[in-house]
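Asks: Requesting a structural model of the entry that follows:
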Amino acid sequence: MSEYVLSYTRKPIDSVLYDARLAYSMHLALSDDGQNYRGLNHNSGVLFALATENEDGSLNPMSLKNPFLFTMKDGSFGVVAVRILADGDDDSSSKGSVLLWTSDDLLIYKEEGLLALCDCFIDSISCVYDKTMDTYRLCWTNANGGGYYLETKSLMPIDKNAVVKETSERPLQNTLENICTADMEGAVLHNKIEITDAQAERLKKKLLTPENTGISFPETITVKSEQELANYPAEASYSDGTSLKRMVDWDLSGVDFDKDGEYQIHGCVRQEHFPFPVAFNRADPCVTRWHGKYYFIATNDADDNHTLYMREADSITGLVDAEEHLILDSSTYEGIGGLLWAPEFHEINGKLYIFHAATPKEFFWEESCIMELREGGNPICREDWSAPRRIVKRDGSDLCEAGKTISLDMTCFFWEEKWYVIWSQRQFLPKDLGAWLYIAELNPHEPWKLAGEPVILSKPDYGWGNNHTFVEEGPYALVSNGTLYITFSAAAVDTSYVVSYLTIEAGKDLLKPENWRKNNYPILTSRSVEGEYGTGHNAYVTDENGIVWNTYHARPGTDGVRSSGIRRVHFDTDGAPVLDVTEELDLKKEFRNLETKLIISR
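Replies: Numbers count the residues shown, from 1 in each chain. Model prediction:
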C-alpha cells in the first residue's frame with residue numbers, strides 16, 4: 001500500500017496573519033487516493049531556506065519558490081527549489097542555481113547547497129531519478145520561459161560531463177488537476193510523490209496535533225486502603241501512538257475501607273483547567289515548585305515592565321487566582337531601572353534564584369541579572385531576595401558592552417554533571433546584527449559568573465526567525481528520553497512570534513554548535529491554537545504527578561495584549577515536546593468518566 005505526499009507553498013496573506021517569509025517555504029499535505037489532500041502542520045511550512053551570512057556575522061534572509069520533492073537513488077528524499085530573497089524577489093547570489101536538500105523522513109532536512117545549472121535566473125525546477133538509466137534528470141525553465149534539462153549520475157556534485165540541452169518539456173512531472181485542498185488556504189501546488197504507508201503514518205504522528213483516542217482502566221482492582229487506590233492511574237491513549245498515565249478522582253461515598261467488601265465505583269479522569277489567558281498583561285511566564293508550593297512570575301506589561309510580581313499557591317491551578325506580591329521594582333536599587341524582563345526561577349545547589357534582565361538606563365543598557373533567595377527565606381517576601389547582581393564573564397568583566405549590546409532571557413540548566421546558561425544577545429552598534437543565542441558553562445558556586453567563554457549557539461537564519469526582525473530569544477531547557485531540548489522563541493514580539501527548538505544527544509559537547517540540530521520549522525505559532533496569536537517565550541514545570549506543564553504567553557486576538565497561558569506538554573513518539581495539545585484534544589469528553597469494581601481485601 002502507498003499514500004501520496006504533496007509539496008506546496010502558499011500565497012502570503014499579510015504581515016499579521018501569514019506573510020512572505022512564512023508562505024515562501026515548502027508545505028506538505030497527505031492523501032490516500034492522490035486527490036483529496038489534508039494539509040499538515042496547521043497548513044504551515046516545514047522546510048525553510050537558510051539565510052546567507054556576511055563577514056560581520058549579519059544575515060541575508062532567504063526564502064524559496066517552486067519546491068520539487070523527489071525520491072533519491074537510495075530511497076531517501078530530495079527537494080530542489082529556487083532560492084529567492086526573503087520577500088520573493090530574485091536572489092542574484094544564486095542566479096543560475098537551485099538549492100538541494102536531502103531528508104530521510106521529510107521531517108529533518110539537510111541543506112546540501114546550490115547546484116549550478118546555467119547562467120540565467122531559474123524559475124522552476126524538477127528532479128527525477130531514473131532507475132533504468134541510473135541518472136537524475138534535472139529539468140528547469142528560466143525567467144524567459146525557456147526549457148532545459150541535463151542528466152547526471154550524482155547531484156553533489158553534478159557530473160562534469162553532463163550536458164545542458166534545450167527541451168519543450170516543463171519541470172512538473174505529474175498533473176495536479178482536480179486535487180481537493182479544502183483545508184489548505186492559499187495553497188500553491190507543486191508536485192506529489194508516492195510514499196509508503198509507514199512513511200505517511202510517521203508524518204501524521206509528527207505533523208498533526210495528537211488527540212486523545214481512548215482511556216483504559218482495569219475492570220476490577222483490589223486494594224487495602226484508600227491511599228492504595230491512588231496507585232491506580234488511568235492510561236490515556238493518543239493518535240500519535242503514545243500514552244499517558246492520568247490520576248482519577250473517584251466518588252467514594254458509601255465505601256468503607258475499614259472492612260472487606262466489593263463496590264461498583266465511578267470516577268472522573270483528572271484534568272486541570274486553565275482558561276486562556278490565565279493572566280492578562282503578563283508575558284514570559286515561569287512557574288516553579290519549591291518546598292511543596294508553586295510560584296508564578298512574569299514580565300509585567302501592565303506598567304511598561306517596571307515591576308515584578310510573584311504568586312504562590314498549593315497547586316498550579318491555584319496560581320490563577322492567587323494574590324500577587326511585589327518582588328522587585330525599578331526604583332529600589334541603584335542601577336536597576338525599567339525594562340524588568342523575563343524573570344525565571346532556577347534552583348542551583350539547593351538555592352533558589354531568579355534570573356532576569358534589567359537596565360540602569362534605557363533599552364540599550366539591558367543586561368542579564370540574578371537574585372538569590374536567602375537561606376530559609378520566603379519567596380513571596382521581597383526582603384528575602386538579594387539585590388539584583390549583573391551576570392559577568394569568568395574573569396569578572398562585563399558580559400556585553402553597555403549601550404552597544406544587550407543581554408537578556410538568560411536560562412540555566414544542569415546537564416551531564418555541569419551547569420550551563422543560554423541567553424539572547426543583540427549587538428546594536430555599530431550595526432544591528434539581530435538577537436543570537438549564546439551558551440556558556442556556569443559557575444554554580446557563584447552563579448552570577450560564567451565558568452567558560454561564551455559560544456554563539458544559534459542565529460535567526462530561517463524565515464520564521466527573522467520575520468519582522470532578526471531575533472532568537474527566550475531559551476529554556478527540557479529533557480526527554482535522555483535528549484536535551486532547548487525551546488526558544490523567534491521573530492518579532494507580535495503575531496509573528498513563534499517557538500522552535502534546538503536538540504542535542506547525550507554525550508556530545510554542548511559548546512560545539514555543530515553538535516546541535518535546529519528544527520527547520522516552529523512547533524508553536526499563531527496557527528497552532530485558535531484565538532492565540534504570537535505564542536512564545538515559554539518555560540516548563542513538572543508537577544507532583546510527573547506531568548510537565550508549559551507556561552507561555554500569547555495574544556488573545558491579533559491586537560490583544562501579551563498574556564500568560566498554561567498547557568500540558570505532550571511528548572510524541574520520539575519524545576519531542578508538542579505544545580499545541582489543547583484541553584479538548586488532551587482528554588475527550590467521551591473518555592472522562594470511568595467505573596470499576598473496587599474490592600477491599602484487608
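Asks: so what's Cys400 closest to, chain neighbours aside?
Replies: Nearest residue to Cys400, sequence neighbours excluded (C-beta to C-beta, 6 or more residues apart in numbering): Ser407, at 4.9 Å. In short, each C-beta sits where N, CA and C put it, glycine included.
Asks: Return the residues in contact with the one you found.
Replies: Under the criterion of C-beta atoms under 8 Å, 6 or more residues apart in numbering, the contact partners of Ser407 comprise 357, 366-368, 391, 399-400, 423-425.
Asks: and these as a markdown table, adding distance to Gly261?
Replies: Output for the contacts of Ser407, formatted as a markdown table (distance: C-beta to C-beta, whole Å):
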| residue | distance to Gly261 |
| --- | --- |
| Ala357 | 60 |
| Glu366 | 65 |
| Glu367 | 66 |
| Ser368 | 61 |
| Ile391 | 62 |
| Leu399 | 66 |
| Cys400 | 69 |
| Trp423 | 60 |
| Ser424 | 61 |
| Gln425 | 65 |
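Asks: Identify the residues contacting stretch 180-195?
Replies: Outside stretch 180-195, the residues that touch it by C-beta under 8 Å, 6+ apart are 2-13, 18, 23, 26-27, 29, 31, 34-39, 43, 66-71, 106, 126, 172-174, 176, 179.
Asks: That one: how far from the chain's middle?
Replies: The gap between where stretch 180-195 is centred and where its chain is centred comes out at 24 Å by C-alpha atoms, centre = their mean, to the nearest Å.
Asks: Mind listing the residues bridging to the residue nearest to Cys400?
Replies: When bridges are assigned using DSSP bridges, the partners listed for Ser407 are Gln425.
Asks: Quick check: it vs Leu450, distance?
Replies: Look at Ser407 and Leu450: by C-beta to C-beta, to the nearest Å, they are 11 Å apart.
Asks: Of the contacts of stretch 180-195, keep whichever come out buried.
Replies: Listed as buried from these are 3-10, 12, 18, 23, 26-27, 29, 31, 37-39, 43, 66-70, 106, 126, 172-173, 179; burial here means 16 or more other C-beta atoms under 10 Å.
Asks: and the residues you listed, which of them are in helices?
Replies: Those of these mapping onto helices are Ala23, per DSSP state H.
Asks: Any idea which helix or strand in the chain has the lowest mean pLDDT?
Replies: Here the helix or strand of the chain ranked lowest by mean pLDDT, DSSP states H and E is strand 165-166, holding a mean of 85.
Asks: which of the residues in stretch 318-338 are buried?
Replies: 319-320, 322, 324-325, 327-330, 336-338.
Asks: Need the contact partners of that stretch.
Replies: Residues outside stretch 318-338 that contact it (C-beta under 8 Å, 6+ apart) are 274, 278-279, 287, 294-297, 304-313, 340, 354, 356, 358-361, 369, 371, 380-382, 385, 387-388.
Asks: 7 Å - rerun?
Replies: With C-beta atoms under 7 Å, 6 or more residues apart in numbering as the contact definition, stretch 318-338 has outside contacts at 274, 278, 287, 294, 296, 304-313, 340, 358-361, 380, 382, 385, 387-388.
Asks: of those, buried ones?
Replies: Neighbour counting with 16+ other C-beta under 10 Å marks 274, 278, 287, 294, 296, 305, 307-313, 340, 358-360, 380, 382, 385, 388 as buried within the contacts of stretch 318-338.
Asks: Sitting in strands, which of those do you find?
Replies: Secondary structure assignment (DSSP state E) places 287, 294, 296, 307-313, 358 from the buried ones among the contacts of stretch 318-338 within strands.
Asks: Include distance to Leu587 when you put those into a markdown table, please.
Replies: Putting these into a markdown table (distance: C-beta to C-beta, whole Å) gives the following:
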| residue | distance to Leu587 |
| --- | --- |
| Val287 | 21 |
| Tyr294 | 21 |
| Phe296 | 24 |
| Thr307 | 37 |
| Leu308 | 34 |
| Tyr309 | 32 |
| Met310 | 30 |
| Arg311 | 26 |
| Glu312 | 28 |
| Ala313 | 22 |
| Ala358 | 41 |
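Asks: Pull the most distant pair out of these.
Replies: Ala313 and Ala358 (26.3 Å; C-beta to C-beta).
Asks: Give me the neighbour count for Met62.
Replies: A count of neighbours around Met62, defined by other C-beta atoms under 10 Å, yields 24.
Asks: Please name the bridge partners of it.
Replies: The partner list for Met62 in beta bridges (DSSP bridges) reads Leu85.
Asks: wait, it sits on Ala86?
Replies: Yes. Under the contact definition of C-beta atoms under 7 Å, Met62 touches Ala86, with a separation of 6.1 Å.
Asks: For this structure, give the helix that spans the most residues.
Replies: Here the longest helix in the chain is taken by residue count, with DSSP H as the criterion, and it is helix 197-207.
Asks: so who does the closest residue to Leu524 other than its chain neighbours touch?
Replies: For Leu524, ignoring the flanking residues on the chain, the nearest one in space by C-beta to C-beta, 6+ apart is Val499 at 3.9 Å. Val499 makes contact with 487, 489, 522-524, 535-536, 538, 579 under the criterion C-beta under 7 Å, 6+ apart.
Asks: Just the element for Val499, please.
Replies: strand 498-505 (DSSP states H and E).
Asks: Could you do Glu473 as well?
Replies: Using DSSP H and E, the secondary-structure element containing Glu473 is strand 472-480.
Asks: can you tell me how far the closest residue to Ser386 other than its chain neighbours sits from Asp56?
Replies: Of all residues not flanking Ser386 in the chain, Glu372 sits nearest, at 4.5 Å (C-beta to C-beta, 6+ apart). Computed as C-beta to C-beta, the Glu372 to Asp56 distance reads 38 Å.
Asks: okay, those two: which has more neighbours?
Replies: Neighbour totals were compared for Glu372 and Asp56, and Glu372 leads with 19 against 9 (other C-beta under 10 Å).
Asks: Surely that one and Gly350 touch.
Replies: No. Applying C-beta under 7 Å as the test, Glu372 and Gly350 come out as separate, 11.7 Å apart.
Asks: helix, strand or coil for the residue nearest to Ser386?
Replies: For Glu372, the reduced secondary structure class is strand; criterion used: DSSP: H, G, I helix; E, B strand; the rest coil.
Asks: Report pLDDT for it.
Replies: The per-residue pLDDT reported for Glu372 equals 98.
Asks: Leu457 sits in which helix or strand?
Replies: Once you assign secondary structure using DSSP H and E, Leu457 falls within strand 455-458.
Asks: List the buried residues in that strand.
Replies: Within strand 455-458, the residues that qualify as buried by neighbour count (16+ other C-beta under 10 Å) are 457-458.
Asks: List the neighbouring strands of the following helix or strand past the longest helix of the chain plus their orientation.
Replies: Sequence order places strand 212-216 as the next helix or strand after helix 197-207, per DSSP H and E. Using DSSP bridges, strand 212-216 pairs in its sheet with strand 234-238 (antiparallel).
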